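Participant: Quick one, fold the following:
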Amino acid sequence: MPILDGMPAALLIQTDAIDYKQRIPLGFRENGSVYIYNHANLHVKLALAPNKEHTYHVVGFAIKPDSIDHMKLKNKAKEDA
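Facilitator: Numbers count the residues shown, from 1 in each chain. Just a heads-up that it's a prediction; the model follows:
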């Protein structure tokens, strides 16, 4: 489990509503294919520290895993050039 500033991460799942889970999967299945997550978006929530100017505390930490097809991005960049 990833930890940031002593706080464990939660998995951020966004469908119709936002849901949090403690386990982070390695990938997913879709249309008979298996995909491995190769990126993670970190959502860090901060709060201003009381009585301290320009000082913040981590009050929340969520991870949203993502799978990016780099070959598609590379081919698109070539097409756009």
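
Participant: ok now whichever helix or strand Glu79 is part of, how far from the chain's centre?
Facilitator: Using DSSP states H and E, Glu79 sits within helix 70-80. Chain-centre distance of helix 70-80: 23 Å, with Cα atoms, centre = their mean, to the nearest Å.

Participant: hey, which helix or strand in this protein has the poorest pLDDT?
Facilitator: strand 18-21 (a mean of 68; mean pLDDT, DSSP states H and E).

Participant: after it, next one along is what?
Facilitator: strand 27-30.

Participant: quick one: strands adjacent to that next one?
Facilitator: Sheet pairing of strand 27-30 (DSSP bridges) gives strand 33-36 (antiparallel).

Participant: Okay, and the beta partners of the closest residue to Tyr56 other than its chain neighbours?
Facilitator: Using Cβ to Cβ, 6 or more residues apart in numbering and skipping residues adjacent in sequence, the residue nearest Tyr56 is Leu46, 4.2 Å away. Just so you know, the C-beta spots here come from the backbone N, C-alpha and C atoms, and that holds for glycine as well. Beta-bridge pairing of Leu46 under DSSP bridges involves Val58.
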